[in-house]
Every structure is written in structure tokens, then in C-alpha cells.
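Colleague: Provide a 3D model corresponding to the input given below.
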Amino acid sequence: MADRWLASFDLTNTGQGIALTFTTSNAEDGAVRLCIKGELDILTVSELRETITTLVALAPRLVEVDLSGLRMIDSTGIGALIALTKGVRAAGGNVTVTGLNGQPQMIFKLLRLDR
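Modeller: Residues are numbered from 1 along each chain as shown. Alright, predicted model coming up:
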């Protein structure tokens, strides 16, 4: 059976080069999937924070974060993902991150978040 979509967001402002897309879906196995594409920075993180608050309130047992389409992340984006992890873990769940590459992978390695 197909995933049930919980949220979808698309911010595209080609004039300033700002682009962020993310979707969340709830799978039959109980996992929540969060797919983030584009640039996660101070200009785009506010919308994701709202979704993170909603996800944490659902107290999922597992959140799978797919960053394979993420081109760039800054400290505000890292902070949002850490807030997600802390909130889900506080409710007894777990967060996994997949698809790291390029600049986001370098940031995760530098901060030792890739372990």
C-alpha cells in the first residue's frame, strides 16, 4: 500500500536562488519518512521547524530522514535536525539519516553527526 502523505512544502524563489522542498509520509510499518531537497538554511528553515514540531507531537517510533536531494545545509538546518532527533528520542523513538552527500555530508562529518 502507498505511503500516506502528512505534509508537503515547496519554496522556490529562483530570483534569489532560494529553494527548499520537503515531504513527509507515514508508511504502513509505522515509520515517518521526511525527504528534504534543496537548501536548508536560515532563509528556509522556519517552514521545516513547523513540520518538525508536528512530527514530534505524533511520537513516531521511527523517523527516516532522506537527505539525498539536499545541496546545502547551515547551522540553522543542523539545529532543526537535532531538535527533531531530540524530540523523537525523548518520546522513545529513533531517527535515521540517509543519503548524505556533498556539502551536507562534509558538515555532518565535521560535527561528527555521521555516526
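Colleague: export the helix or strand where residue 87 lies to PDB, keeping only CA atoms.
Modeller: Under the criterion of DSSP states H and E, residue 87 resides in helix 75-90. Extracted in PDB, the C-alpha atoms of helix 75-90 (Å, rounded to 0.1, in the frame of the first residue of the first chain):
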ATOM      1  CA  SER A  75      23.900  25.700  11.300                       C
ATOM      2  CA  THR A  76      20.200  26.500  11.500                       C
ATOM      3  CA  GLY A  77      19.400  23.500   9.400                       C
ATOM      4  CA  ILE A  78      21.600  21.300  11.600                       C
ATOM      5  CA  GLY A  79      19.800  22.800  14.600                       C
ATOM      6  CA  ALA A  80      16.400  21.800  13.200                       C
ATOM      7  CA  LEU A  81      17.500  18.200  12.600                       C
ATOM      8  CA  ILE A  82      19.000  18.000  16.100                       C
ATOM      9  CA  ALA A  83      15.700  19.300  17.500                       C
ATOM     10  CA  LEU A  84      13.900  16.600  15.500                       C
ATOM     11  CA  THR A  85      16.200  13.900  16.800                       C
ATOM     12  CA  LYS A  86      16.000  15.000  20.500                       C
ATOM     13  CA  GLY A  87      12.200  15.300  20.400                       C
ATOM     14  CA  VAL A  88      11.700  11.900  18.800                       C
ATOM     15  CA  ARG A  89      14.200  10.200  21.100                       C
ATOM     16  CA  ALA A  90      12.500  11.900  24.200                       C
END
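Colleague: what's the average pLDDT for that helix?
Modeller: Helix 75-90 shows a mean pLDDT of 96.
Colleague: tell me the helices and strands packed up against the following helix or strand past that helix.
Modeller: Using DSSP H and E, the helix or strand that follows helix 75-90 in sequence is strand 94-98. Here strand 94-98 touches strand 62-73, helix 75-90, going by 3 or more CB pairs under 8 Å, 6 or more residues apart in numbering; DSSP states H and E. Just so you know, the C-beta spots here come from the backbone N, C-alpha and C atoms, and that holds for glycine as well.
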